[in-house]
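model the structure of this input:
(chains A, B, C and D)
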Protein chains: 4
Amino acid sequence: MEGFGGLGRRLRLGMVGGGAGSFIGSSHRMAARLDDRYELVAGALSSNAERAKSSAADLGIAPERAYTDYAEMVRAEAAREDGIEVVAIITPNDLHYGPAVAFLDTGVHVICDKPLTHTMEDAIDLVGRVRRSGLVFALTHAYAGYALVRHARELACGGELGEVRLVQVEYPQQSWVDLTEEAASPRDAWRRDPARSGAGGCIADIGTHAQHLASFVTGLRLSEVCADISTFVPGGQLDDNNNILLRFDNGARGMLWASKLATGYANPLRLRVFGTKAGIEWNQEVPGELAFMPHRQPPRKILAGNADLSAAAQRVTRLKPGHPEGVIEAFANIYTEVADVISARILGREPDPLAFSFATVEDGALGMKFVEAALESSAKGSVWTDATLDL
Amino acid sequence: MEGFGGLGRRLRLGMVGGGAGSFIGSSHRMAARLDDRYELVAGALSSNAERAKSSAADLGIAPERAYTDYAEMVRAEAAREDGIEVVAIITPNDLHYGPAVAFLDTGVHVICDKPLTHTMEDAIDLVGRVRRSGLVFALTHAYAGYALVRHARELACGGELGEVRLVQVEYPQQSWVDLTEEAASPRDAWRRDPARSGAGGCIADIGTHAQHLASFVTGLRLSEVCADISTFVPGGQLDDNNNILLRFDNGARGMLWASKLATGYANPLRLRVFGTKAGIEWNQEVPGELAFMPHRQPPRKILAGNADLSAAAQRVTRLKPGHPEGVIEAFANIYTEVADVISARILGREPDPLAFSFATVEDGALGMKFVEAALESSAKGSVWTDATLDL
Amino acid sequence: MEGFGGLGRRLRLGMVGGGAGSFIGSSHRMAARLDDRYELVAGALSSNAERAKSSAADLGIAPERAYTDYAEMVRAEAAREDGIEVVAIITPNDLHYGPAVAFLDTGVHVICDKPLTHTMEDAIDLVGRVRRSGLVFALTHAYAGYALVRHARELACGGELGEVRLVQVEYPQQSWVDLTEEAASPRDAWRRDPARSGAGGCIADIGTHAQHLASFVTGLRLSEVCADISTFVPGGQLDDNNNILLRFDNGARGMLWASKLATGYANPLRLRVFGTKAGIEWNQEVPGELAFMPHRQPPRKILAGNADLSAAAQRVTRLKPGHPEGVIEAFANIYTEVADVISARILGREPDPLAFSFATVEDGALGMKFVEAALESSAKGSVWTDATLDL
Amino acid sequence: MEGFGGLGRRLRLGMVGGGAGSFIGSSHRMAARLDDRYELVAGALSSNAERAKSSAADLGIAPERAYTDYAEMVRAEAAREDGIEVVAIITPNDLHYGPAVAFLDTGVHVICDKPLTHTMEDAIDLVGRVRRSGLVFALTHAYAGYALVRHARELACGGELGEVRLVQVEYPQQSWVDLTEEAASPRDAWRRDPARSGAGGCIADIGTHAQHLASFVTGLRLSEVCADISTFVPGGQLDDNNNILLRFDNGARGMLWASKLATGYANPLRLRVFGTKAGIEWNQEVPGELAFMPHRQPPRKILAGNADLSAAAQRVTRLKPGHPEGVIEAFANIYTEVADVISARILGREPDPLAFSFATVEDGALGMKFVEAALESSAKGSVWTDATLDL
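Take a look at the predicted model:
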């Protein structure tokens, strides 16, 4: 996957948010660097001017391109011949829409953190803007970038499971079990603040990963949800546990559990899909294994890297079996696919259709709809609520 | 656990159902034999006279105590000085209530397969009868007999988890994925026949195991359920998949998944409980391991047989760590506890309080209520439905 | 597997050793009871007269058949019309040979604990005596009784692995890591005493299980061993760790590790075999799973109980997939196979060839030779030493 | 770990070998890029001039610095003001010594693939040259770069295991099981050719990883080895299976298994260490988990990323628990530590002592000695052979 993709150079990348000490910021940068398709040349890395400058310096960004304000960055970069071609937006949810719109308006492709926006309204609006712009917009559902998630999708959508009947997806964490501890890391406090996060807390932060993964792998769309959403932690303003029943457009049923209260669990996003012919199971914490369970036959452990995996999996595989690739690599797959599409366009070529595997602005809007529908369902006492969206 | 428990002899056991070739019949017998507390002396093992006789002969039952009709067995055994003291009822659901009532009426203790009865009405009635009889009535929720389930209960009820917030329980199987295959084993057909099984199919057969396990371990009672119950398999008369939201009497929330359509899954009944201090996880397919997950500490793998387990666990442990005990042993724990209680009474002693860990007729009625409430909830479009029962 | 095997009655079983409180004694009895093929009618359960009597009483042995001396038991039982037909010898190693010879001489079949004897000389002598007697002699290598071990043997011996090249077997425990703790359980002290155990400590106690398992599954015989045997624990008189290189008669190479010093390990006897076409892996602590790993294909998890397992596995399977059978069941398989062979002979029939899967006196002698060869190899500075035996 | 380490710029890196299509070449480059401490500016990427040029172009190397010959590269780079500061040598074993010497002679730091050299003689010579040069020389034992390997070392060397008694290490692969398949990938053929690989095949290629890992984690040095080394595959010129007994300088004993014939195994390098107080277990295929097994206590699963891990582990951790880091990240740790040391020297500072965790030229010489001793031991019929080296 290495090299310039025929472009003869790296794409010029800018970054909004993600300054020094930001976990997600450095993840984005490692993802961007891994396959050598980007050069980070500009950034509004922090609203704190000092930190914005020093972060930029340590990352090799020229001082004149170290901005403290995204609006300034939009203007200045647009004015340069060598202005950025892609921007990564790595900010709290309420700061996705503004920068996204502004950069799209100046012709810059966008890579944006999930969830898409702060409100449903913004989400819908953004879909229209992206479509009109003709630019690439990628939402960083990084977990869908794993090679075996891609392979699972091939199995499910290619009929290897038969007709899909059941979808079980869960994303439990222990991060909010005891908020007195969390107080020590104020960096993440915005996730629990409706003004910054939006109406959803846990459901927006990680529930959307689970919902996207389920739809991505199965190729099915949610039709309705029936949710029991809770806030257990004293003083919590947003949900911290989500128990949700799912119905899909093909008649499949499912369950989704997203929680910040799963004491002892780090990050085991887990998907299980059962069809009439086979079931599959995958756990993000052991991403290089995919269980394939044909009906009444011994389950098979499919290992990442195997030469007989689907083309969709091999395309995003760097190493041989038994050589673990982690979430940075999954994340890098998203970045590299975006680069593939942009490079192809620059070169006047047709992009590889498989490059369009990253989550789109439409996927982001569906995620926002999922959050909205689940919250509404729960508020009304767990009634089935439409989760579809006409886009 | 071996030996006669001070009684100087084995208890006289009879059996209704469970003739030759019956999976569950031989399981009961192995469970009864393991700790040598019972002698099988009488049986109405089959409604087929031929099979009843030959099964009895091969099991060492005297020909005159090999009955073909439970009513006959009740009368004849009651007339004998050495008549049976305990009866095991191992019949389809519609044949639990009749024999149970008849044997209770003649002073015989009862060990009965789950679910308790065929209808809610019978269940309530049976509770009253058992109470009035003063006899032992045990329901064979065998999975609750595992030593580590007992230990999990001690952890959860002893405060080691803190306040319990979340309960996730599931019991997925693949047994009805393809009923054309199943047609070859007509022995199990009654489970899919409302006339024999009752209103619940999968939910009565295995959903009740999951519901009982969750309540047994946490000590919490269900307050209400919100269910999405399906029949996927063409021609199915009863449910084959159950997606259910749970609420417990302490405010805890949960999810229960019971399915006969989980392609590739054999029998992984799995319980996870998360409290404010720790979480636990147990899977029936690897019953000798219990994950104990303290908040922000490394998860610990508790192994059956360890000398530092709770008394409740050690009481039902036969072997040292690393020497697997299986479900026959779990089942035997139920049988042996029943024998402990009966023996103590015969000897005029107080039974060990820990012996009362087997499921009771009240537990059985709660299971029936769970089935009723879930079916009603689903029929009404997944509305929260009361699952409590005043007994 | 249940029932009297056509005999119309249980076999009359006696027991030497294994009185109250003996872990291995109760294991033998549970194994004997499980399939209902034996009736325990006589015993010299302890050299302590008091304990011998009270143990017998609680096990339903008539007082006049509760002996305190095996020699007395041999005489008295031989004099009875209803004397025992089979004896189980459950004593320290130095007390295997004497009782075995005495019972064989009066026509009683023998089930004997491993290792076979206290000395190589006794082992060889016993082989001759058993052969001349025409009686059944079974050595309780219980782990070889697991259904999936039987299936593994079918795979390996049936060519599914191709030509076997590599055999890795290990049996690590933590039981002697800290003998100051062990001092509290003097019951096991004889295992560390050369006068009772023989020349081998850990190697005789558990190393022979590993050696037997490797040969049983592969059908290969050891040709030579090169051993580095240690006594780490201060004051130890016998070996507590064994690192041994293996060569087999077909040219395969292997390694065997048997240790009492594997801190943190309970009882994970583990075998791995690699051939030109596939590898297999099995761990006694999770006995219901067998990994089958075809070359460059996804590994398959074979589950006990599956309907498509080999006849050899199904013959010793009681339950359906996902219903764990443990080591008591594996042990019971040995007892039941012995009963099958004896019953067939009593009935004048040919036993099922698959019933001859239990370890024989010859297997026991090979185990003794393995111990002798390994100790000699190590004493000479780890030289390759012949481990074959002409029997 | 991100950023320029105070240097204000990236280090100038050159590369010998590892052109387009080279698995290990791209691994090195991803490792070098991940933390942004290097800029790849020159290379002799292939002996094929065409491939050398095109590979360089696609990696952003200026045409005038795309060499086809390492000697030319040494001269040209030495002549440049902005010549490379570090070179990565990614060539078959017989091409390590020459480039290493040449670059050291012109003051360039070296990162070199393992094993160190083609012959023991070269290895010894290279140790002297590196020492005299005062330059950094790192051997890419990448697996020792995992955070949990670092943590394991802290546990073992910090006394958490008590006195180390037993070391079990294995590195089995299936890569040479069927060489007719392998013939299709001639790129790896040199590993089976004594002229390129040296006297060791499998043992040099992966056995040295296992040997290094064991010594790295325990802090113990091998004193002697007793080996049974085989060539099973028809036509093989070098070893393909290694069964080796180990003795360490503190009296600990061990076993090492390195194989290319482990059918079904991808890359499970696995280390287990047992001391008087605790044992540990780690498997490269699931690198984010470390089992810590205190004596007679429940085993604990230590997860990478936890905030309470040792400083040595945290220093090489990029992500939070449950966010898998893979082997590219482990490899990057080596690259970044080398950069840390070089940067500190350029800045006139003392490097962080923990940065010196990468394998050195001395470690490489010990690895060569291990290979030599094991081959000699085996050739002499498995005699204990000195594996120490006075450096």
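
state the three-state secondary structure for A:Ser46.
Three-state assignment for A:Ser46 (DSSP: H, G, I helix; E, B strand; the rest coil): coil.

repeat for A:Leu238
Strictly by three-state DSSP, A:Leu238 counts as coil.

A:Trp190 is in contact with that one, correct?
No. Counting by CB atoms under 8 Å, A:Leu238 does not reach A:Trp190; the two are 10.7 Å apart. For every residue, glycine as well, the C-beta is placed using N, CA and C.

residues touching the residue nearest in space to the middle of chain A, list them.
Closest residue to the average C-alpha location of chain A: A:His141 at 1.5 Å, with CA atoms, centre = their mean. The contact partners of A:His141, by CB atoms under 8 Å, 6 or more residues apart in numbering or on different chains, come to A:Lys114, A:Thr208, A:His209, A:His212, A:Leu213, A:Phe216, A:Ile334, A:Phe358, A:Ala359, A:Asp363.

surely the fifth one touches A:Arg270?
Going back to what we said before, that points to A:Leu213. No. In this structure A:Leu213 lies outside contact range of A:Arg270 using CB under 8 Å: 9.3 Å.

looking at the two, which one has more neighbours?
Neighbour count, other CB atoms under 10 Å in any protein chain shown: between A:Leu213 and A:Arg270, A:Leu213 has more, with 27 against 18.

local confidence estimate at that one?
Reported pLDDT at A:Leu213 in the predicted model: 98.

the one 3 residues further on now?
For A:Phe216, the model assigns a pLDDT of 98.

rewinding a little: any residues in contact with both of A:Leu213 and A:Arg270?
Shared contacts of A:Leu213 and A:Arg270, counting by CB under 8 Å, 6+ apart, come down to A:Val169.

check contacts around the residue lying farthest from the centre of chain A.
Distance from the centre of chain A peaks at A:Arg296, with 34.9 Å (CA atoms, centre = their mean). When contacts are counted by CB under 8 Å, 6+ apart, A:Arg296 touches B:Gln174, B:Glu181, C:Asn306, C:Ala307, C:Asp308.

which one (most neighbours) among those?
Result: B:Gln174 is most packed of those (other CB under 10 Å), 22 neighbours.

against B:Ser27, how distant is that residue?
Between B:Gln174 and B:Ser27 the computed distance is 20 Å (CB to CB, to the nearest Å).

same check on A:Trp282?
34 Å.

one more: A:Glu285?
Going from A:Glu285 to B:Ser27 by CB to CB gives 36 Å.

higher neighbour count, these two?
Applying other CB under 10 Å to A:Glu285 and B:Ser27 shows that B:Ser27 carries more neighbours, namely 22 against 19.

returning to what we had before: which of the contacts of A:Arg296 scores worst on pLDDT?
The member of the contacts of A:Arg296 with the lowest pLDDT is B:Glu181, at 59.

and the strands in chain A?
Under the criterion DSSP state E, chain A contains strands at A:11-17, A:38-44, A:86-90, A:109-112, A:137-139, A:164-172, A:222-230, A:241-248, A:253-259, A:270-275, A:278-283, A:289-294, A:300-303, A:385-386.
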